[in-house]
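**Student:** need a structure here:
(one chain, ligands or ions: 2)
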Amino acid sequence: AHAWGYAANNGPDKWVSNFPVADGPRQSPIDILPGGASYDSGLKPLRLKYDPSNCLEILNNGHSFQVTFADDSDSSTLKEGPISGVYRLKQFHFHWGACDDKGSEHTVAGTKFPFELHLVHWNTKYPSFGEAASKPDGLAVVGVFLKIGDANPSLQKVLDAFNNIRAKGKQTFFADFDPKTLRPGCLDLDYDGSLTTPPLLESVSWIVLKEPISVSPTQMTRFRGLLFTGEGEAPCCIVDNYRPPQPLKGRQVRASFK
Ligand SMILES: NS(=O)(=O)c1ccc(C(=O)O)c(S(=O)(=O)NCCc2ccccc2)c1
Ligand SMILES: [Zn+2]
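**Tutor:** Ligands and ions are numbered 1, 2, ... in the order given. Coordinates of the predicted model:
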């Protein structure tokens, strides 16, 4: 079976043939209707605690790039909010469009943002990420929308590392980055969902932050210079690496705000 991707021949509407869960009851992303979310006064504020020294490397995995963190201790964790227990940060990555009118995976009342950041965490009640990834409460992903605006200084450090990871498979040392600097306010919309890329496992508690952070047009074009393809192959830029919204199938979205 050819590898999954985002092209016409291997994109999101083709994934179900190798990953039947693509048609499951709790798939992600979704279109979020803030008016349809129910305010949950029991929701405590989300607690992100990240240690920049846990940052290991930045990698172009052929469908996005990810910044990987050391997850062998509880020094970079997510707590409270809709989740119980302690979840460790494993990696963060982005999804984006070829142009500014699309790119995010979640949408808000049909509105698409040009980018979406995902911070992937796993539940430490399980021995490893791989174990947690197949459990209904195994993963928690924080989604942050990016909009066009002022340059984002903390993002610049990530973009400056791109020169070493332009081609698929390239990776480079990347240290001392605190993803908390990428966090906007604390209004979040929560629901039970899945990974948005194969294997599309239905193990994710999604925590989508309502307020976007800003990136400048120059910073955005840097993302679009990354390549899906390996060195020596005909260059194909990573763009439109997003899955469209999936059916809600009766799920409730909880809001941490009125
Ligand atoms: N958009 S998302 O947050 O759902 C997501 C996207 C990509 C990946 C990834 O592995 O690259 C991941 S991951 O880091 O969670 N890995 C999922 C695939 C996987 C499952 C089980 C063991 C290893 C990898 C998550
Ligand atoms: Zn993602």
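**Student:** rest of the way, CA atoms for contacts and neighbours
**Tutor:** Fine.
**Student:** which ones are touching the closest residue to ligand 1 within the stretch 151-258 of the chain?
**Tutor:** Going by CA to the nearest ligand atom, ligand 1 is nearest to residue 195 of the stretch 151-258 of the chain, at 3.1 Å. Residue 195 sits next to 27, 28, 201, 202, 203, 204 when contact means CA atoms under 8 Å, 6 or more residues apart in numbering.
**Student:** same thing but 7 Å
**Tutor:** 28, 201, 202, 204 (CA atoms under 7 Å, 6 or more residues apart in numbering).
**Student:** just to confirm, which helix or strand has the second one in it?
**Tutor:** Taking DSSP states H and E as the criterion, residue 201 maps to no regular element, lying outside all helices and strands.
**Student:** Would you confirm that it contacts residue 134?
**Tutor:** Yes: with contact defined as CA atoms under 7 Å, residue 201 and residue 134 form a contacting pair (6.3 Å).
**Student:** Up against ligand 1, what does the chain have?
**Tutor:** Contact residues, the chain versus ligand 1 (CA under 6 Å from any ligand atom): 118, 120, 130, 133, 195, 196, 197.
**Student:** Can you list which of those are found in strands?
**Tutor:** 118, 120 (DSSP state E).
**Student:** So what does residue 15 look like in phi/psi?
**Tutor:** phi -60, psi -30 (degrees, to the nearest 10).
**Student:** what about it, how many neighbours?
**Tutor:** 22 (other CA atoms under 10 Å).
**Student:** So for the spatially closest residue to residue 231 that is not a sequence neighbour, what's the pLDDT?
**Tutor:** Spatially, and ignoring its direct neighbours in sequence, residue 231 is nearest to residue 167 (5.7 Å; CA to CA, 6 or more residues apart in numbering). On the pLDDT scale, residue 167 is placed at 88.
**Student:** count of neighbours near the closest residue to ligand 1 within the stretch 1-150 of the chain?
**Tutor:** The nearest approach of the stretch 1-150 of the chain to ligand 1 comes at residue 130, 4.3 Å away (CA to the nearest ligand atom). Counted with other CA under 10 Å, residues neighbouring residue 130 total 11.
**Student:** Next one: it from residue 208, what distance?
**Tutor:** Applying CA to CA, to the nearest Å, the value for residue 130 to residue 208 is 23 Å.
**Student:** The residues of the chain next to ligand 1: which two are farthest apart?
**Tutor:** 118 and 130 (17.8 Å; CA to CA).
**Student:** Helices of the stretch 101-250 of the chain, start to end?
**Tutor:** Using DSSP state H, counting those that start in this stretch, the helices of the stretch 101-250 of the chain run over residues 129-132, 153-160, 217-223.
**Student:** which residues does residue 164 contact?
**Tutor:** Per CA under 7 Å, 6+ apart, neighbours of residue 164: residue 172.
**Student:** Same check on residue 236?
**Tutor:** 227, 228, 229.
**Student:** May I have the beta-bridge partners of the first one?
**Tutor:** Read it as residue 227. Beta-bridge pairing of residue 227 under DSSP bridges involves residue 237.
**Student:** Which among the contacts of residue 236 count as buried?
**Tutor:** Neighbour counting over those (16 or more other CA atoms under 10 Å) leaves 227, 228, 229 as the buried ones.
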